[in-house]
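> Structure for the following, please:
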Amino acid sequence: MSGPGPERDLGRLLAGLEPQLHPGVYVFASGARVPAGVAAVVTVAEAEGWTVVCERGEAERVGLEYVFPCSWITLRVRSALDAVGLTAAVAGVLAREQIACNVVAGFHHDHLFVPQGRGERAVALLEEVAAAGRSA
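Numbers count the residues shown, from 1 in each chain. Reported below is the predicted structural model:
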């Protein structure tokens with residue numbers, strides 16, 4: 001692995017958020033298995049079945065019933081998996097604006113799924129947090 005390691009300091013995490021809004025509409029679907037050929041962004045195995053997050057068109061293509069059409073935002077700061085407070089801070093900022101937020105931690109970055117149509121506002125709020133952190 002090259003470059004600096006993952007960040008744990010909450011102040012530096014918030015200052016370096018760099019939220020990236022992905023194009024498209026994403027959805028959450030569930031089933032007994034992940035359909036072959038589906039280009040999933042996230043999969044989670046639960047006792048009740050698999051959760052699949054994918055583009056709405058992918059879900060429709062393979063016949064998955066879905067809920068929560070949403071926008072996908074990646075926080076490009078390289079967050080450590082054991083960092084404390086990032087999820088709470090981000091969710092709190094969005095909650096104050098009544099923006100629901102489903103967070104998924106990846107190995108390198110955190111990913112947010114917010115209601116469709118609220119992605120640009122969520123990014124703007126997160127950019128304000130980052131700017132405030134850089135000027136602190």
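
> Can you list the residue ranges for helices in the chain?
Listed in chain order, the helices of the chain (DSSP state H) span 10-15, 56-62, 86-96, 119-135.

> packing partners for the third one?
The reference is to helix 86-96. If you count contacts as 3 or more Cβ pairs under 8 Å, 6 or more residues apart in numbering; DSSP states H and E, helix 86-96 packs onto helix 10-15, strand 102-105, strand 110-115, helix 119-135. C-beta here means a position set from N, CA and C on the backbone, and glycine is covered the same way.

> Please state the offset of the shortest one from the chain centre?
This means strand 102-105. Centroid separation for strand 102-105 versus its chain: 5 Å, with Cα atoms, centre = their mean, to the nearest Å.

> before we move on, the earlier item: do you know which of the helices and strands packed on helix 86-96 lies nearest Thr51?
Closest to Thr51 of those is strand 102-105 (Cβ to Cβ; 10.1 Å).

> For the residue lying closest to Phe68 once chain neighbours are set aside, give the beta-bridge partners.
The shortest distance from Phe68 to any non-neighbouring residue, by Cβ to Cβ, 6 or more residues apart in numbering, is to Phe28 (4.8 Å). For Phe28, the beta-bridge partners are Val53, Val67 (DSSP bridges).

> Surely Phe28 and Trp50 touch.
No: counting by Cβ atoms under 8 Å, Phe28 stays clear of Trp50, with 10.9 Å between them.

> got any ranges where the chain has weak pLDDT?
For the chain, applying pLDDT under 70 flags the ranges 1-3.

> Perfect, that will be all.
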